[in-house]
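# Structure of the sequence below:
(2 chains)
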Amino acid sequence: MTAIVTGLHHLQLTREGQLRHFLTLDGLGCELLTDILDTADSFIEVGERTIKKVPLLRGRTVVNLFFEPSTRTRSTFELAAKRLSADVLNLDISTSATSKGESLADTLYNLEAMASDMFVVRHAQSGAPHFIAESVTPKVAIINAGDGRHAHPTQAMLDMLTIRQHKKTFAGLKVAIVGDVLHSRVARSQIRALNELGVAEVRVIAPGTLLPRDVEALGCTVEYDMLRGMKDLDVVIMLRLQKERMEGALLPSEGEFYRLYGLDRAKLALAKPDCIVMHPGPINRGVEIESAVADGPQSVILNQVTNGIAIRMAVMSMAMGGQLAERQQALNDMAKQEVRS
Amino acid sequence: MKLSSHLPAGSVKIMGGQLYRGATATSAGVLEANPGVLIKNGRIAALGPDALAQAADETLTAENCIVSPGFLDLCCNLREPGNGQKGNMASETRAAAHGGFTSVCAAPDTSPVNDSGAVTSLIRDMAVRRALVRVLPIGAVTRGLQGELLSDMAGLQKAGCVALGNASRGLRNARVLRRCMSYARTFGLTLMLNPENQALAADGYAHDGLVTTRLGLLGIPEVAETTAVMEMILLAQETGVRLHLSQLSCARSVDMLAEARQRGIQVTADVAMHQLAFTEDALSGFDSRFHVRPPLRSERDRQALVAGVRDGVIDAIVSQHQPHESAAKQAPLEASEPGLSSIEVALSLGLERVAANELSLPQLLRALTAGPAAVLGQSAASNAGLGAGAVADLCIFNPDQSWCPGLGTLVSAGGNGPVLERVMPGVVHYTLVGGHQAWPSLLP
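Predicted coordinates for the structure are as follows:
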């Protein structure tokens, strides 16, 4: 396991420990995660101004590379980049180059040749952003906007920001993640972040068919019975259930899933009275969550969306800073060598 | 098979170093001081004082080296015909010779698939013209490896296939498998099958375990292999076919194999060298080089596989050599093609297991020589052991000398080696095939 941490650690950090890509939360310590949250806090104020712009990425080109369709994540990344004054190019790759048989690597070489500074990548295959950062275009800052079942680190960080806003601290919190953990990149990143930030307990609540093997190794407890699992919760995070899961013989029906694992008012009443309800969206009303809960007083689902812009501004500006520092360092190293020779 | 690409051999005398004659039914064999080996007309003319007494055209000194029967690889992809961008007969048999192998079984998943006598003849013809080591074709067990219809088994056998296999492709169902076995049994053919339940493996490409859970990779559960092993063993017992299980990856499979043997069922098995050397952790940085099939599993599985080789329950270690062009691996893990270009480092990986006290040197050598030779019987007699009169297929290597696999040292067309730019033990000094020098290659 150490290999994962060190391997990705070196890949996404500069020699000085600054972020230069943002691929996964694995290997990022509590201090850096807190730094991201604090930076995002400072950007929230920008969104409240009449002129919602800061010049941090002025003159930089950010390319949104979405190999999978997305509305919310893509638009918040786009807004975040624009508020940082970057030039933004949106590419819907699922319908362009790759369908003409161009390989992922070739698509990226072409975009790099257009002097891009940052790629925001969403891809259906786990590890795709990692592959790009390591083997294809290491000099372009890569931001993972969700890869396969692996990670969705900006989503997890905006969730952490939302939790901190409502609970002030992570210490002592009991948090449950409910639903399709098996297919969820969001859950993997959340479990990692919650552990690193020091909550008391992370619980996953789901039937056996929706849990990955040995899920406890990620740093969570497992509860099959949601009625028991809701006890003492400060935060409950619902995951989206894809309708295709019924076809793969993972679940008998939406109805049974909702009865056992859907968050309704009765189940929510079992948690602490100030328990907040979160959902990465898009929500399926009546499948994993009751409308009255999604729109109710304990729901912070729309806060999550607002925070998404601030978190993405924070991560983009920090990674660009690290990437530029790395380039400067490389230039300095070259100059030193020339002097020596 | 005649190997016209070699320079004609005169007589050769090998002196010094140690000699490994081969394994016996009850022991992995021993290393002894080399009493002298004399090769004449492609055969071992004498061993011991007789050899020393006679004059020879050439003398090879094997100081600090081990003189062993040449290695036999039961699973090797030469990529020809049809996949010249990945490798070819000349490049990959040269890599085999560099690895100490004097015979390689050519996997049937070529293009066209080796499912008829005509394709087998084509492969043999290419081998005669361009191969540096003996090439033993494996035929496809079903037509086009589609898993549906029987291949021309008798025709394949007549054309020179030494066994039939499924090249990791699935068979449609147990009924097809049973009929393949029953028909192959008619001709005394050995079936070399990769046990994998396709429905359970589904879209997976990595061991279903800690690393897949953490990285969100699609897993192939252990039961995808173990249920297939059980099914194959039961059907082999019923049909009486000679079954060889290819590339086991699970601890539980080794147990089932041992149990079946005890019950007297005719079943043998092999394991890929990389399964003895690496685990699921190799994927932890999404390294697509280590995308292999069956997948690298847990440390517990690795240890059980090593123990299987040590105890002789697993008969052979194979390279499962799969050279690739760079584009095949230059993709996210899931989209990359499985396989390692491994035949040149197989011995070195094995010697690292010896250095780690997991295997003795004779146990390692048995699994590269007499073990696989017994699976194929007469067609691999030259790999079984060294004795006066035997065909002179030899490997002479220094187990203590180190080298660094890399672009300058590897000769396979595939750049997807498991170990690059790391110092490893074990340098092959000479590989002789029928007394001819195959490594270092005398060809340009």
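
# now the strands: where do they sit in the stretch 201-341 of chain A?
Under the criterion DSSP state E, counting those that start in this stretch, strands of the stretch 201-341 of chain A are mapped to A:201-205, A:221-223, A:235-238, A:276-278.

# which residues touch the third one?
In this structure, residues lying in contact with strand A:235-238 by C-beta atoms under 8 Å, 6 or more residues apart in numbering or on different chains are A:159, A:163, A:167, A:173-179, A:187, A:190, A:230, A:263, A:268, A:271, A:275-280, A:283, A:288-289. For every residue, glycine as well, the C-beta is placed using N, CA and C.

# Adjacent strands (with direction) for that strand?
Strand A:235-238 sits in its sheet next to strand A:174-178 (parallel), strand A:276-278 (parallel), going by DSSP bridges.

# quick check: angle from the longest one to strand A:201-205?
Right, strand A:174-178. Angle, strand A:174-178 to strand A:201-205, by axes from the mean of the first three to the mean of the last three C-alpha atoms, to 10 degrees: 20 degrees.

# So is the next helix or strand after strand A:174-178 next to chain B?
Reading on from strand A:174-178 to the C-terminus, the next helix or strand found by DSSP states H and E is helix A:185-197. Yes: applying C-beta under 8 Å from any C-beta of the partner chain, one finds that helix A:185-197 is in contact with chain B at A:185, A:188.

# those helices in the stretch 101-250 of chain B, which residues are they?
With DSSP state H, counting those that start in this stretch as the criterion, the stretch 101-250 of chain B has helices at B:117-130, B:153-159, B:174-186, B:198-201, B:210-215, B:222-239.

# wait, what's in contact with residue 136?
Since you didn't name a chain, this refers to chain A. So residue A:136 contacts A:104-105, A:108-109, A:112 (C-beta under 8 Å, 6+ apart).

# wrong chain, I was asking about chain B
Contacts of residue B:136 by C-beta under 8 Å, 6+ apart are B:103-106, B:162, B:376, B:379-380.

# looking at the strands paired with strand A:235-238, which is buried most?
Across the strands paired with strand A:235-238, the average number of neighbours (mean count of other C-beta atoms under 10 Å in any protein chain shown) peaks for strand A:174-178, which reaches a mean of 25.

# how about the most far-flung residue of chain B relative to its centre, phi and psi?
Most distant from the centre of chain B: residue B:53, at 36.8 Å, with distances by C-alpha atoms, centre = their mean. Dihedral pair for residue B:53: phi -70, psi -30, per degrees, to the nearest 10.

# With residue B:429 instead?
Note on residue B:429: backbone dihedrals following degrees, to the nearest 10 are phi -90, psi -40.

# Check the contact between it and residue B:394; I expect there is one.
No: applying C-beta atoms under 8 Å as the test, residue B:429 and residue B:394 come out as separate, 10.7 Å apart.

# Who has more neighbours out of these two?
Using other C-beta atoms under 10 Å in any protein chain shown as the criterion, residue B:429 and residue B:394 rank with residue B:394 on top: 28 against 21.

# gap between the spatially closest residue to that one that is not a sequence neighbour and chain A?
Distances taken as C-beta to C-beta, 6 or more residues apart in numbering or on different chains place residue B:432 nearest to residue B:394, at 4.5 Å, with adjacent residues excluded. As judged by C-beta to the nearest C-beta, to the nearest Å, residue B:432 and chain A stand 40 Å apart.

# Residue B:432 should be in a strand, yeah?
Yes: counting by DSSP: H, G, I helix; E, B strand; the rest coil, residue B:432 is located in a strand.

# pLDDT score assigned to it?
pLDDT, residue B:432: 96.

# That one contacts residue B:391, doesn't it?
No: contact status for residue B:432 versus residue B:391: not in contact, 10.1 Å apart, counting by C-beta under 8 Å.

# So which other helices or strands are in contact with the longest helix anywhere in chain A?
The residue-count maximum for a helix in chain A (DSSP state H) belongs to helix A:301-340. Contacts defined by 3 or more C-beta pairs under 8 Å, 6 or more residues apart in numbering or on different chains; DSSP states H and E place helix A:301-340 against helix A:30-44, helix A:72-83, strand A:118-123, strand A:141-147, helix A:153-167, strand A:276-278.

# Quick one: these as JSON lines, columns for mean pLDDT too.
Listed next are the helices and strands packed on helix A:301-340 as JSON lines, based on pLDDT from 0 to 100:
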{"stretch": "helix A:30-44", "mean pLDDT": "96"}
{"stretch": "helix A:72-83", "mean pLDDT": "93"}
{"stretch": "strand A:118-123", "mean pLDDT": "95"}
{"stretch": "strand A:141-147", "mean pLDDT": "96"}
{"stretch": "helix A:153-167", "mean pLDDT": "98"}
{"stretch": "strand A:276-278", "mean pLDDT": "98"}
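
# related to what we said a few turns ago, counting neighbours, go ahead and name the busier of residue B:432 and residue B:391.
For residue B:432 versus residue B:391, the count of surrounding residues by other C-beta under 10 Å is larger for residue B:432: 25 against 19.

# Phi and psi next, for residue B:91.
Here is the backbone geometry of residue B:91 (degrees, to the nearest 10): phi -70, psi -40.

# Based on its surroundings, how many neighbours for it?
21.

# ok, now the one 4 residues further on?
With neighbours defined by other C-beta under 10 Å, the count for residue B:95 comes to 31.

# now swap in the one 3 residues further on and tell me
The burial metric for residue B:98, expressed as a neighbour count using other C-beta under 10 Å, is 24.

# ok, it touching residue B:426?
No: Residue B:98 is not in contact with residue B:426 according to C-beta under 8 Å; the separation is 11.5 Å.

# Domains in the chain, by residue range?
Unless you meant another one, I'm taking chain A. Domains of chain A are assigned by automatic domain parsing as A:2-151+A:305-336, A:153-303.

# Please refer instead to chain B.
According to automatic domain parsing, the ranges for chain B are B:12-67+B:390-439, B:70-381.

# which one of the ones you listed lies closest to residue A:296?
With C-beta to C-beta, the closest approach to residue A:296 among these belongs to domain B:70-381: 31.5 Å.

# For the chain, name the helix or strand with the lowest mean pLDDT.
By default, I'm working from chain A. The helix or strand of chain A with the poorest confidence is helix A:2-12; it has a mean of 54 (mean pLDDT, DSSP states H and E).

# other chain: chain B
Taking mean pLDDT, DSSP H and E as the measure, chain B has helix B:49-53 as its least confident helix or strand, at a mean of 86.

# And the next helix-or-strand element following it, what's buried?
If you walk from helix B:49-53 toward the C-terminus, the next helix or strand you reach (DSSP H and E) is strand B:58-61. Neighbour-count burial for strand B:58-61, counted by 16 or more other C-beta atoms under 10 Å in any protein chain shown, picks out residue B:60.

# Over to stretch A:197-206?
Buried residues in stretch A:197-206 (16+ other C-beta under 10 Å): A:197, A:199, A:201-206.
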